[in-house]
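> how does the following fold in three dimensions:
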Amino acid sequence: MRQFPWEERPQGCTDVMWRYSKNPVIGRYQTRVSNSIFNSAVVPFGEGYAGVFRCDNKAVQMNIFVGFSKDGINWDISDEPIKFEAGNTNMIESDYKYDPRVTWIEDRYWITWCNGYNGPTIGIGYTFDFKTFYQCENAFLPFNRNGVLFPQRFEGRFAMMSRPSDNGHTPFGDIFVSFSPDMKYWGEHRCLMKVAPFTESAWQCTKIGAGSVPFLTDAGWLMFYHGVINTCRGYRYSMGAAILDKDDPTKVLYRTKPYLLAPATDYELAGDVPCVVFPCAAITEGDKVAVYYGAADTVVGMAFGRISEIVEFVKKNSL
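Model prediction:
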C-alpha cells in the first residue's frame, strides 16, 4: 500500500495550508552534480512515487532528471538527465529544460516543461514506465512558460494552460488555455486568468502562472498557481488557488484574493533567487493534499492542506 506524505496542522496554526516541519524535503546538493533542485513534479507510481526534477548543475545548466520515492519525502534522483527518444517528431533539439510538470492521461504519463528552442517554449514528452522517455513537438512558438496539462480530454481535445512571455525574466504574464486533438497541433487559445489589480490583490499583480496539475473536486478543478509582485527587493512569488469549471476549462469560478502560501521561512527567503514559493505538483488522498513547491529557486518544500477547507477558503475569499 502506498504511503501518503502527510503531517497534521501544527497546534495553534490557523492557516488553511501549512508547511512540512522537516522542509526542505529535497536539498540543493541531493545529487552528485546539482547546484540546486527545485520546481519539480511528482506523481503516484507503482507502490510509491515518481518525479521529474529540475536540477541545475554546477555550471548552472538547466535540465530535468527522473527520481523515485517510496514515501514521497525521501527521494533517489538520477545523476544523469533524462535522454529522450523521438516521439511524434524527430525534432527534439533543446538548449535547456526546466520547470517540469507530470500528468497521467489515459494510458501514459505526459511531461511538460519549459524547453529551450530559440528561446523558451513548452516542450512535451511522455513515458509509460519512467525508464524510456519520448519527446514530442513543442506546443507553442517561443516565448512561453508554465505549461500545465489537464488530466483528461474535453470533447476529445487535450487542454493545456500556459503563460505567453518574453525571452527574459518576464515582467508580465496571464494564463491562457489551448487545445489539441493529438498532442501535436495546438490552437483555440483562450485567455483564462489575468493578473489582479494592485489595489485588490497585490501579490499577483505583476504576473501569474499555472502551477500544479489541476485535480477534480465537487466544486470543479482545483489548481494551485503562482502570483508575482515586483517589490523594492525584486520579484516575490507566492501561491494561490483557483477553481475552474469541471466541463469548461476556460472558465474560472473562483480564485483567491489572499495568498495561501508566501515566502516566510529561511529556505524561501534566501537562495539563488530569494523570495520564491513556486508550486509545481499536488498529490491527493481522500481529503488530503500535499503540494510540492520550489523554494528560492534552490530547494523543494512541501505544504499540506485539507481539500474541503481549501475549496471553502477559495470560495469565501475570491476576487
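> was I right about residue 62 contacting residue 38?
No: with contact defined as C-beta atoms under 8 Å, residue 62 does not count as touching residue 38 (10.7 Å). C-betas here are computed from N, CA, C, even on glycine.
> neighbour count: the two, which is higher?
Shown here are residue 62 and residue 38; by other C-beta atoms under 10 Å, residue 38 has more neighbours (30 against 19).
> list the contacts for the more buried one?
28, 54, 278, 294-300 (C-beta atoms under 8 Å, 6 or more residues apart in numbering).
> which helix or which strand is home to it?
Per DSSP states H and E, residue 38 falls inside strand 34-45.
> tell me which helix or strand comes right after that strand.
strand 48-57.
> ok, then the element right after that following strand?
Per DSSP H and E, the helix or strand that comes after strand 48-57 is strand 62-69.
> counting contacts, what elements does that following strand pack onto?
strand 48-57, strand 76-77, strand 97-105, strand 108-116 (3 or more C-beta pairs under 8 Å, 6 or more residues apart in numbering; DSSP states H and E).
> on that earlier part again, and the strand holding residue 38, which residues are buried?
Residues of strand 34-45 classed as buried by neighbour count (16 or more other C-beta atoms under 10 Å): 34-43, 45.
> can you check stretch 310-319 too?
Here stretch 310-319 shows 310-311, 313-314, 317, 319 as buried, counting by 16+ other C-beta under 10 Å.
> go on, stretch 121-135?
By neighbour count on 16+ other C-beta under 10 Å, the buried set for stretch 121-135 is 121-127, 130, 133-135.
> likewise stretch 77-85?
77, 81-82, 84.
> which of those fall in helices?
Per DSSP state H, helices hold no members of these.
> which one of the residues you listed is nearest residue 253?
Within the buried residues of stretch 77-85, the smallest distance to residue 253 is 35.9 Å, found for residue 82 (C-beta to C-beta).
> how near is that closest one to residue 123?
11 Å (C-beta to C-beta, to the nearest Å).
> same question, residue 261
Residue 261 sits at a distance of 27 Å from residue 123 (criterion: C-beta to C-beta).
> quick one, strands of the stretch 151-300 of the chain?
Shown for the stretch 151-300 of the chain, the strands assigned by DSSP state E, counting those that start in this stretch span residues 158-164, 175-180, 187-193, 207-210, 215-217, 220-231, 234-244, 252-255, 277-285, 288-295, 299-306.
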